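> Sequence first, then the predicted structure, then my questions.
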Amino acid sequence: MTAAPGATAGPFTLAVCSEMVFLDLPVVDRVRRIHELGFAVEIWDWTRHDVDALETLREEGVAYSSMTGYVRGRLSDREGADELLETAAESVPVAKRLGIPRLNLHGTGLDDKGLPARPAPEVSGAMWLQARETLSRVADLGEREGVEFVLENLNTEVDHPGVPFARAADCLALVESVDSPHLRLMLDLYHAQIGEGNLIELCRRALPWIGEVQVADVPGRREPGTGEIAYPAVARALAEMGYRGTVGLEAWASVDPELALKRFRDAFTL
């Protein structure tokens, strides 16, 4: 598990999603502000950003932690798989320009509201087999290009109804079955708390396959300390079990973004 350059808090590298904080600023200014506060930076869909400007910020010292690793496509049918692989291949050169170590995937393409482009409330055995084949092809792409793809778990109860392979257990099963260093798990503990719970044991079970851990509190998807998750306890457990990678804040600020980032840093500083 390789950490991106950026802020460290004990054993972890800390990153912040630029799509969810400092929303009164243009994206480039958000990225710069997050960097000034000492964090690595996550972005989502690169096609919606000025990549040249983001590359200039990299030259100024900004470290990027992850980005969405495809533009369109799905895991579980042949047409969608071909589209996902095509747009993943288009995403790789952008990731390399920005020095981004992890390219994020979901069970299906999401619209701008986080809803699936093609809902799949029921997942058949044939869909599982196709998803595994698709991810195997993604891992092969990652091996050829020297990059790491990560499959993110979501939740269907609140944010992403109709997304297939949303549970952390589902994503972990798929990643394990492919068994490649170029396909790992983006373990989102906000989504997992809503869908599964038992977070520390989930982290322990997933540890060999984790590419990055993402966090937000429940309910509300805001920074640690605003909800029910005991993130300092999660942080201690992650350190004790040997996790040395990136922890990314993918959360809305409850009040002030700088206070939200301080609360995040405090929760994961050991």
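Received the coordinates, thanks.
> the helices in the stretch 51-200 of the chain, which residues?
Listed in chain order, the helices of the stretch 51-200 of the chain (DSSP state H, counting those that start in this stretch) span 51-59, 78-98, 125-145, 168-178, 189-195, 199-206.
> How about the third one, which residues are buried there?
Which is helix 125-145. Neighbour-count burial for helix 125-145, with 16 or more other Cβ atoms under 10 Å as criterion, is recorded at 127-128, 130-132, 134-139, 141-142, 145. All C-beta spots, glycine's among them, are computed from the backbone N, C-alpha and C.
> for the last one, same thing?
If you call a residue buried by 16+ other Cβ under 10 Å, then helix 199-206 has these buried ones: 199-200, 202-203, 206.
> after it comes which helix or strand?
Reading on from helix 199-206 to the C-terminus, the next helix or strand found by DSSP states H and E is strand 210-215.
> mean confidence score for the next helix-or-strand element following that following strand?
Counting by DSSP H and E, the element after strand 210-215 in chain order, helix or strand, is helix 231-240. Along helix 231-240, the predicted confidence averages to a pLDDT of 98.
> who does helix 231-240 touch, helix- and strand-wise?
Contacts defined by 3 or more Cβ pairs under 8 Å, 6 or more residues apart in numbering; DSSP states H and E place helix 231-240 against strand 12-17, helix 199-206, strand 210-215, helix 257-267.
> So for it, what gets flagged as buried?
With burial defined by 16+ other Cβ under 10 Å, the residues of helix 231-240 counted as buried are 231, 234-235, 237-239.
> what's the angle from that helix to strand 12-17?
Inter-element angle recorded for helix 231-240 and strand 12-17: 130 degrees (by axes from the mean of the first three to the mean of the last three Cα atoms, to 10 degrees).
> distance between helix 231-240 and the chain's centre?
Its chain's C-alpha centre lies 19 Å from the corresponding centre of helix 231-240 when counted by Cα atoms, centre = their mean, to the nearest Å.
> One more: stretch 198-210?
The mean C-alpha position of stretch 198-210 is separated from the chain mean by 15 Å, Cα atoms, centre = their mean.
> Under the pLDDT cut-off, which ranges of the protein? List them.
Along the chain, segments meeting pLDDT under 70 span 1-9.
> Geometric centre of it: which residue is closest?
For the chain, the residue lying nearest the average C-alpha position, counting by Cα atoms, centre = their mean, turns out to be Met186 (4.9 Å).
> how about that residue, what does it touch?
For Met186, the residues meeting the contact criterion (Cβ atoms under 8 Å, 6 or more residues apart in numbering) are 66, 102, 104, 150-153, 211-212, 214.
> do Arg32 as well
Contacts of Arg32 by Cβ under 8 Å, 6+ apart are 57, 60, 62.
> which one of those is nearest Leu270?
Taking Cβ to Cβ as the measure, Leu270 sits nearest to Val62 out of the contacts of Arg32, at 25.2 Å.
> residues in contact with the closest one?
Contacts were defined as Cβ under 8 Å, 6+ apart; by that measure Val62 touches 31-32, 35, 41, 54.
> Also Ala120?
With contacts defined as Cβ under 8 Å, 6+ apart, the neighbours of Ala120 are 76, 107-108, 127, 162-164.
> Dump the residues you listed to JSON lines, plus distance to Tyr190.
As requested, those are arranged in JSON lines below (distance: Cβ to Cβ, whole Å):
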{"residue": "Ser76", "distance to Tyr190": "24"}
{"residue": "Gly107", "distance to Tyr190": "17"}
{"residue": "Thr108", "distance to Tyr190": "19"}
{"residue": "Met127", "distance to Tyr190": "25"}
{"residue": "Gly162", "distance to Tyr190": "18"}
{"residue": "Val163", "distance to Tyr190": "15"}
{"residue": "Pro164", "distance to Tyr190": "19"}
